[in-house]
Structure formats: C-alpha cells, structure tokens
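> could you look at this predicted model? Sequence included:
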Number of protein chains: 2
Amino acid sequence: MTDRRTGPTSPKAQNIANEVRRRIIEREWRQGDRIPDEADLAIEFDAARATVNKALQLLADEGLLDRRRRAGTRVTVDPIRKATVSISIVREQVEQAGLAYSYRVVAKRRSPIPADIAARLGLPEGKMLVHMRAVHYGDGRPFQLEDRWINPPTAPGLEEVDFWQLNANEWLVRNAPYLRAELAFSAANADRREARLLQTQVGQALLILHRTTWNDRGPITTVRVACQPGHLISTEAGYDRSHWPASGTPAPEVS
Amino acid sequence: MTDRRTGPTSPKAQNIANEVRRRIIEREWRQGDRIPDEADLAIEFDAARATVNKALQLLADEGLLDRRRRAGTRVTVDPIRKATVSISIVREQVEQAGLAYSYRVVAKRRSPIPADIAARLGLPEGKMLVHMRAVHYGDGRPFQLEDRWINPPTAPGLEEVDFWQLNANEWLVRNAPYLRAELAFSAANADRREARLLQTQVGQALLILHRTTWNDRGPITTVRVACQPGHLISTEAGYDRSHWPASGTPAPEVS
DNA sequence: TCATTCTCTATGTATAGACTTAATTTGCGT
DNA sequence: ACGCAAATTAAGTCTATACATAGAGAATGA
C-alpha cells in the first residue's frame, strides 16, 4: 500500500514505455540519438533491467527504437510507418452496419485455372480448381462481389460442403486456417457484368481487393472482391493508446 | 528430453511458440479448446513459467490464442485476420522500382478548410491551413497525385521550409513525428484535373488513399493520394516464419 | 430462484541474478 | 599503416521466486 503516484496501478513496463515515447515525441531524445542503456534506465525508473527491457522491446516493435547488441539503443531515424487492416468476414461487416445480410451464389463450377490465377497461386496452369462467383448483400442492396478460386486438396472436407447455401469465405476461415496471406488493393472500372451485379454503371470506379491464403499444404484460395461504389476500407495506425492519456476518439470502422 | 540437438540455438520461447502454433494449425488443439496451463507447459517444455508466458503472449498477440485470468488459455474461435500495410515514402517506392524520382508542386497557398476536411481533422470549418497539390513522377511519368492540407501549429519549423523545392511528405515524416494515423482506401473515377495531371483519361478508376496524422498538439496533416492507374498496394499477413522450420523438416524438438 | 459474497486458481507483472551473444573497441604483431 | 585477435560492453534470454488481480465457481443468505 505504499503510495504509488500512478493512480490506478498501471503496469510499470507500460509506464516506462510511455515516458520514453513521450521523450521521443517531444524531441528530448532526437532521431538517431543514443539513449541511456537499460541498466541506467532501470536505475532512473527504479525498476529491474528486465522490466526496462520489456518496455524498450515494445517501443522497438512499434518502430520507434532501433536496438542492437553492444551498440546500444537509438531513436529510429525514420520511424516505421505501418497500419494494420483487419480482414473481417463480410457478414460481420454488413451486420455491424446494421443491415440484414444475404448472400447469393451466381456461379460455381470446376474449371481449369487461367494463367494469372495460376501464377498467383503458384500452381500449374490449367489445373482444375473450384471457381465460384457470389454477391453479398446488405438489406437487399449489393455490397460486395466475389470471384473465388478454391484449391480443394488444401481444404479437407470441402467436397461435402454445399456452397450454394453456405458462405465460402466463412467456411474456409473457420475450417481451413491459413499460415500466410497476401492482400492487395487496387481500383478498376466496372465492366458490364460487375455493373449489373452491383447495380451500378459500367465504368464506375470500384475498389478491388485481392486476397490469397496458404497453409502448410499449399494455396487454399484466392479471391478478388469488388466493393460497392463509395466503399471505404480504413485502418488505424499509431502507438498503443490503451495506456495513453485519453484523447476521446471513437473506434474506427474497420473493414 | 535427452535428444537435445537443437542445432543453431534458437530462443526457447520461440520454439515453444512454434510448437504450440503447430499444434493449433494441425488441429491437435482445436478451436475453442482449452490448452494446458502455463505451469503444465513449463513442465512439458522444461522451461520457466515466465518463458512459457512469453511464448503464449506472442501467440495471443498473433490472434491465435485467447487468454483470460483464471479461465485459462483457449484457441481462438476465429483467428483475427489482420495484415499490415507499410506506409512508405513515395520517393522510396519510386526508387525501389528502379525509376528516377522527381516531384512537382502544382499549387500551394493558405486557404480556409472546407467542411469535409474540417470534419476529418476535427478543426473548425473555415480555419486557414496550408493547402498544396503536388505530383510525384517516376522516370518522368506521373506516379501519384497528392492533395494535402497542413496544420502549421502542430509542425514547428514548417514556416521556414520551402515546399516548392522539398517534398512535404518527407519533411513531415522526419520532422513532425505522429502519434496516431488514419489510413483509408477507396476508389474514384478520375476527374478532368486528375486525368490531366496523371496523363490518363477522364473516368479512369483510380486507387485513392486518405491519410491523416495527429500528434499531441492536434492534427498535423491530411492528404488524399490518387495513384497512377493500375497501381497496386500490397500487404502480407501471417505468422512469423523467421523461426519456423523449413518445409520438410520433421516436427521441432523444443529445447 | 436469485443475488451476494467468498475462495481459489490461472494469468499478469515484477524481480535479482546468471548466462549468452553480437559488435564495438582496443591492442597487438607484422 | 594495416590486418587480426582479444577484451569489453549492451542487449537478449532464461530462471526462480514473489505477489497482484481477474473472474469462474462455490458457498451463502434472502
């Protein structure tokens, strides 16, 4: 019960990280500067070296610090700027927006893969895969259009599933965990089919999302998603605000 | 436990994390299952509890495990799927593609902010900010088009900088570190000006990137970047493979 | 039946101490 | 001067121990 000035006892390592972060942000320690070593900081903050280590590791992960054995710890010259995009299930997105979700399979058949898909998956051209096209709706209005290729050998149990009824994305996510994923964004003008399915005009700019996943057995699936016009995919990047003095920002709508 | 041929000694916590990850991926431990507690795993892997804790924390951060006090550790029902996008400096992007970088400021002036920008920055409408438009080129061909608003009070030293010569993005990144950033993707049809500056056609689908950054003093800058047609922004997500055995290697013996 | 309190357990965090490892520095020999 | 090896240093990791804390589940009471 000794008086800790911290108020609602927050983790010591976090406090140290916050203080160091503050010194960097406020230019007390400048870019490229070498900061005191762990032992010194441990004394300053009255903590064990392991605790300081944890704090500094955290900041290094954030990209604010550059640490090397023997050479010490320096403030990163230009901080790594990265953002995380969370890849959610379409249904969740739609429902979170307060809309009734529905789903319609437009086409499904076994088909030989064309060259571009083969290259993306790293499979021989012409191999037979499952190809399907579907539309996701929110309150009856088209939300997303997906064009998917599935590699059955990597998704055991797939053959028994009736994708005319079940959502492919959802089944795959739950039943074929992936080890690696690639995600890419681009833009394209709607062609005639896309315009029809999304109930928009030919030429309308669409945000396109390509996603490919692999597990230990090889590529699982690759999908090209065309979003409804005006759709926004947002992300947030920055330092962990959970232990940072309040600023009062609402949660971002992440797609 | 006799077999101790770890080869190139890799960190114990990593090995434990890898082994646990393997058990999850290979469905030895299934989604929703409760896994043995730290103490038990510590015995199994002949490690201290703190080491096991570190390993499990790592997997929890990856989104594979769900940990709660007293309730124990369970395999996440549906693993968080997230990808990181690195926000690079345009010049680096261009140069990395092996092109000669150049930059041209099209317009720069102080101007009252319109409603949409004000809302995004959380500033009162009509406030005077610096507004500039610029084009980034690779080998003389347009690469990106930026439309930027800068809030000088949050970027000390800004007034002395000659943005007609220096790249704004770069100066800001190096001289006004941010605490928080928002990044959003969308698509839009090129309008007349955009088409002209990007040397493309009116109506061409463009990948649009919105980026806004804040520091402790408030919003620093917001920028709308229109990418050259066909541009792709890609990301990669997955579990850290740096300590993962090469394919074909038998099950890892944790040491 | 339901709400309240209590108890106990698994995780969360911190600690001192020891050892390992990478890389800078220093010093030696040529 | 130069190249090379040894000393030194700061981070990286692990351990054993301790205590804190959330929260599931049991015990309690109305």
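In hand now; what should we look at?
> could I get the full set of strands for the stretch 51-200 of chain A?
A:65-68, A:72-75, A:82-86, A:101-112, A:128-138, A:141-150, A:180-189 (DSSP state E, counting those that start in this stretch).
> per-residue pLDDT, A:Gly238?
As predicted, A:Gly238 sits at a pLDDT of 65.
> cool, the one 5 residues further on as well?
Reading off the confidence values, A:His243 has pLDDT 41.
> what separation do you get for A:Glu38 and DNA strand C?
10 Å (CB to the nearest atom of the strand, to the nearest Å). All C-beta spots, glycine's among them, are computed from the backbone N, C-alpha and C.
> whoops, I mixed them up, A:Val52
Counting by CB to the nearest atom of the strand, the gap from A:Val52 to DNA strand C is 8 Å.
> what's near enough to touch that residue?
The contact partners of A:Val52, taken as CB atoms under 8 Å, 6 or more residues apart in numbering or on different chains, are A:Ala13, A:Ile16, A:Glu38, A:Leu41, A:Ala42, A:Phe45.
> the residues you listed: which ones sit near chain B?
Among the contacts of A:Val52, no residue sits close to chain B (CB under 8 Å from any CB of the partner chain).
> DNA strand D: which of these is nearest?
Comparing these against DNA strand D with CB to the nearest atom of the strand places A:Glu38 closest, at 3.5 Å.
> buried ones in stretch A:55-71?
A:Ala55, A:Leu56, A:Leu58, A:Leu59, A:Glu62, A:Leu64, A:Leu65, A:Asp66, A:Arg67 (16 or more other CB atoms under 10 Å in any protein chain shown).
> does the fourth one touch A:Val20 like I think?
Same thing as A:Leu59. Yes. Distance between A:Leu59 and A:Val20: 6.0 Å, which falls inside the contact criterion (CB atoms under 8 Å).
> find residues that contact each of those two.
Common neighbours of A:Leu59 and A:Val20 (CB under 8 Å, 6+ apart) are A:Leu65.
> by mean pLDDT, flag the weakest helix or strand of chain A.
Taking mean pLDDT, DSSP states H and E as the measure, strand A:233-238 is the helix or strand of chain A with the lowest mean score, a mean of 75.
> three-state assignment of A:Arg224?
What DSSP: H, G, I helix; E, B strand; the rest coil gives for A:Arg224 is strand.
> how does chain A divide up, domain by domain?
A:2-75, A:90-243 (automatic domain parsing).
> out of those domains, deepest packed?
With neighbours taken as mean count of other CB atoms under 10 Å in any protein chain shown, the domains of chain A reach their highest mean count in domain A:90-243, at a mean of 17.
> do it and chain B meet?
Yes. Residues of domain A:90-243 contacting chain B under CB under 8 Å from any CB: A:173-174, A:177-189, A:203-208, A:215-216, A:227, A:229-239, A:241.
> if we can go back for a sec, reformat the buried residues of stretch A:55-71 as a markdown table; add pLDDT and distance to B:Arg133.
Below are the buried residues of stretch A:55-71 laid out as a markdown table (pLDDT from 0 to 100; distance: CB to CB, whole Å):
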| residue | pLDDT | distance to B:Arg133 |
| --- | --- | --- |
| A:Ala55 | 97 | 42 |
| A:Leu56 | 97 | 41 |
| A:Leu58 | 95 | 38 |
| A:Leu59 | 95 | 36 |
| A:Glu62 | 88 | 32 |
| A:Leu64 | 91 | 31 |
| A:Leu65 | 95 | 35 |
| A:Asp66 | 95 | 34 |
| A:Arg67 | 96 | 40 |
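> what two of these are the furthest from one another?
A:Ala55 and A:Asp66 (15.2 Å; CB to CB).
> quick one on the thing from earlier: including distance to B:Val77, could the domains of chain A go into a markdown table?
Below are the domains of chain A laid out as a markdown table (distance: least, CB to CB, whole Å):
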| stretch | distance to B:Val77 |
| --- | --- |
| domain A:2-75 | 26 |
| domain A:90-243 | 8 |
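> closest one to B:Val161 among the ones you listed?
Of all the domains of chain A, domain A:2-75 comes closest under CB to CB, at 16.7 Å.
> say whether DNA strand D is contacted by the closest one.
Yes. Using CB under 7 Å from any atom of the strand, we find that domain A:2-75 touches DNA strand D at A:9, A:37-39, A:49-50, A:53, A:56-57, A:60, A:67-73.
> sort out for me which of these are in helices.
In helices, judged by DSSP state H, the following of the residues of domain A:2-75 next to DNA strand D are found: A:Glu38, A:Ala39, A:Arg49, A:Ala50, A:Asn53, A:Leu56, A:Gln57, A:Ala60.
> the closest residue to the second one other than its chain neighbours and B:Gln144: what is the separation?
Leaving aside its chain neighbours, A:Ala39 sits nearest to A:Arg49 (6.0 Å; criterion: CB to CB, 6 or more residues apart in numbering or on different chains). When CB to CB, to the nearest Å is the yardstick, A:Arg49 and B:Gln144 sit 46 Å from each other.
> residues in chain A within reach of DNA strand C, list them.
Applying CB under 7 Å from any atom of the strand, we find that chain A lies next to DNA strand C at A:11-14, A:42, A:46-51, A:54, A:68-71.
> closest one of the residues you listed to A:Leu158?
A:Lys54 (43.1 Å).
> doesn't A:Ala17 lie inside a helix?
Yes. Using three-state DSSP, the assignment for A:Ala17 is a helix.
> so who does the nearest residue to it once chain neighbours are set aside touch?
Nearest in space to A:Ala17, with sequence neighbours left out and distances taken as CB to CB, 6+ apart, is A:Ala55 at 4.1 Å. Shown in contact with A:Ala55 (CB under 8 Å, 6+ apart): A:Ala13, A:Gln14, A:Ile16, A:Ala17, A:Val20.
> for stretch A:75-95, measure first residue to last.
43 Å (CA to CA, to the nearest Å).
> pLDDT on that stretch, on average?
The model assigns stretch A:75-95 a mean pLDDT of 81.
> ok, now stretch A:19-27?
Stretch A:19-27 comes out with an average pLDDT of 90.
> which residues does it contact?
With CB under 8 Å, 6+ apart as the test, stretch A:19-27 has contacts from A:28-29, A:35, A:41, A:45, A:55-56, A:59, A:62, A:64-65, A:75, A:239, B:177, B:179, B:215-216.
> looking at the contacts of A:Val52, which is nearest chain B?
Nearest to chain B out of the contacts of A:Val52 is A:Ala13 (CB to the nearest CB; 12.2 Å).
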